[in-house]
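Chemist: below: sequence and its predicted model.
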Amino acid sequence: MSSVQLSNLHKTYPNGHHAVKGIDLSIRDGEFLVLVGPSGCGKSTVLRMIAGLEDISSGQIAIDGRVVNDLSPSDRDIAMVFQSYALYPHMTVRDNMAMALRLRGLPREDVDRRVLDAAKMLAIDSMLDRKPGQLSGGQRQRVAVGRAIVREPKVALFDEPLSNLDAKLRVATRGELKQLHTRLRTTSVYVTHDQEEAMTLGDRIVVMHDGVIQQCDTPMNVYQRPANRFVAAFIGMPPMNFFDGVLEARSEGLGFAFGDGLRLPVHASHVGSLQPHVGKAVTLGLRPQAFALATGQPSVQVTAVMTEPLGDLMDMTCQLGPMRVIARLPWATPPTPGSPCSLSVRTSEAHWFEAGSTGSRLA
């Protein structure tokens, strides 16, 4: 196991595009760290710089305390699993997994033992004499993972390895990856744009946007305490609802005024931290799970637009003045589209941000 240290890492391409902007990140021994963000945020570029497949414009990468900026990929003791599997079609599974070990000159007995151990771990030991064309997509992905782990690398890098699989197989394979990491504890860096993968796989997740780290924390801390509005909008399905308004102090307590004369009370647990922002424009964030279809207080009057059944749950899209709101509710007979209804709000679950599309967290 090894740690990875990124210090003030930059990547600027010849056309002037600044893809990675001064990233500082410590990846711990044995950690499974996930880089997540929208397309073009710089996450794959960071991974490729760790691997040595992209030149660094400035900054430093250290693996296990050793600076590797000028080392070739083969000298960094890393293994990489690609989205495209990158298996040799004319070779058997056994030969695909063994090739890197043979190139190192390891004794045949060691090569055979490592390949067989990894194949058993990944439940592909019965397929060692097949060629990639005889395997399913999920089986080929296991071979690609096996080829990486037989090397016993200091760091394993995964570049969206599950994106070519169908939804059911993706869920099953990510479960296998998690169990495998629990067993091996190889330091791993995993890139994905799929927030569900990030939440379920990562010991910590790094949310990136426009070449900058927005937040690095455990999955549940990122979900429950997003650092800014971008993270809040990106992590969570359906996405968080946002309302722009002003904090007001009235005789009955602190409240949030928004829309066309709408007002919600601020929960008592948030009053202390929001008091300095009274009279200022702020943004309220409410996850769809913070609503209930009821007449309780506090509540807002909405107009039902449509419902999407999800088995025991349903997502209801509503109109609240000029704003669209999505509420995730227990399954019930849904309101008729166009009919008025009342949504109660659990204000204790509110998230507060500075005004603006990238406002930082207030409380």
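Modeler: Ah, there it is.

Chemist: report the rounded mean pLDDT for the helix or strand where T283 lies.
Modeler: Assigned by DSSP states H and E, T283 belongs to strand 281-286. For strand 281-286, mean pLDDT is 97.

Chemist: what sits up against that strand?
Modeler: Contacts with strand 281-286, where a contact means CB atoms under 8 Å, 6 or more residues apart in numbering, come from 226, 229, 232, 240-247, 256, 258, 264, 274, 345, 349-356, 359, 362. (Glycine included, C-beta is placed from N, CA and C.)

Chemist: list the buried residues of that strand.
Modeler: V282, T283, L284, G285, L286 (16 or more other CB atoms under 10 Å).

Chemist: pairing partners for the nearest residue in space to the second one that is not next to it in sequence in the sheet, please.
Modeler: Meaning T283. Leaving aside its sequence neighbours, T283 sits nearest to F353 (CB to CB, 6 or more residues apart in numbering; 4.4 Å). F353 has these beta-bridge partners by DSSP bridges: T283, R361.

Chemist: if we can go back for a sec, list only buried entries from the contacts of strand 281-286.
Modeler: Buried among those (16+ other CB under 10 Å): 226, 229, 232, 240-243, 245, 247, 256, 258, 264, 274, 345, 350-354, 359, 362.

Chemist: which of the residues you listed fall in helices?
Modeler: R229, A232, L274 (DSSP state H).

Chemist: may I have the secondary structure class of the residue nearest to L162 when sequence neighbours are not counted?
Modeler: With sequence-adjacent residues excluded and distances taken as CB to CB, 6+ apart, L162 is closest to R170, at 4.7 Å. Using DSSP: H, G, I helix; E, B strand; the rest coil, the structure places R170 in helix.

Chemist: please apply the same query to I56.
Modeler: Assigned with three-state DSSP, I56 falls in the coil class.

Chemist: which residues does it contact?
Modeler: L9, H10, K11, M49, N69.

Chemist: what backbone torsions are found at it?
Modeler: phi -90, psi 130 (degrees, to the nearest 10).

Chemist: give me the low-pLDDT residue ranges for the stretch 201-350 of the chain?
Modeler: Residue ranges of the stretch 201-350 of the chain with pLDDT under 70: 295-296.

Chemist: residue ranges for the helices of it, please.
Modeler: Counting by DSSP state H, counting those that start in this stretch, the stretch 201-350 of the chain has helices at residues 219-224, 229-234, 268-274.

Chemist: make JSON lines from these and add distance to G211 to it.
Modeler: Formatted as JSON lines, the helices of the stretch 201-350 of the chain follow (distance: least, CB to CB, whole Å):
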{"stretch": "helix 219-224", "distance to G211": "19"}
{"stretch": "helix 229-234", "distance to G211": "13"}
{"stretch": "helix 268-274", "distance to G211": "30"}
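
Chemist: of those, flag the one that's most buried.
Modeler: Scoring those by mean neighbour count under mean count of other CB atoms under 10 Å gives helix 229-234 as the most buried, with a mean of 22.

Chemist: list the helices and strands that helix packs on?
Modeler: Here helix 229-234 touches strand 204-209, strand 212-217, strand 241-250, strand 281-286, strand 351-354, going by 3 or more CB pairs under 8 Å, 6 or more residues apart in numbering; DSSP states H and E.

Chemist: of all the ones you listed, which lies closest to S269?
Modeler: With CB to CB, the closest approach to S269 among these belongs to strand 351-354: 11.5 Å.

Chemist: quick one: list the elements packing against the closest one.
Modeler: Strand 351-354 packs on helix 229-234, helix 268-274, strand 281-286, going by 3+ CB pairs under 8 Å, 6+ apart.

Chemist: now with 6 Å, please.
Modeler: strand 281-286 (3 or more CB pairs under 6 Å, 6 or more residues apart in numbering; DSSP states H and E).

Chemist: can you give me the angle the strand it packs on makes with strand 241-250?
Modeler: Orientation check (axes from the mean of the first three to the mean of the last three CA atoms, to 10 degrees): strand 281-286 against strand 241-250 gives 120 degrees.

Chemist: quick one: strand 281-286 to chain centroid distance?
Modeler: Here the centre of strand 281-286 is set off from its chain's centre by 23 Å, with CA atoms, centre = their mean, to the nearest Å.

Chemist: cool, and stretch 12-23?
Modeler: For stretch 12-23, the distance to the chain centre is 22 Å (CA atoms, centre = their mean).

Chemist: may I see the buried residues of that stretch?
Modeler: A19, V20, I23.

Chemist: now do the same contact list for I78.
Modeler: For I78, the contacting residues are A51, P153, V155, L157, by CB atoms under 6 Å, 6 or more residues apart in numbering.

Chemist: of those, the lowest pLDDT goes to which?
Modeler: Lowest pLDDT among these: P153, with 88.

Chemist: hang on, the earlier thing: for the helices and strands packed on helix 229-234, give me a markdown table that also has distance to R183.
Modeler: Shown next, in a markdown table, are those (distance: least, CB to CB, whole Å):
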| stretch | distance to R183 |
| --- | --- |
| strand 204-209 | 19 |
| strand 212-217 | 25 |
| strand 241-250 | 41 |
| strand 281-286 | 38 |
| strand 351-354 | 37 |
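
Chemist: which stretch among those comes nearest A86?
Modeler: strand 204-209 (24.4 Å).

Chemist: what pairs with the closest one, and is each one parallel or antiparallel?
Modeler: Short version: by DSSP bridges, strand 204-209 pairs with strand 32-36 (parallel), strand 212-217 (antiparallel).
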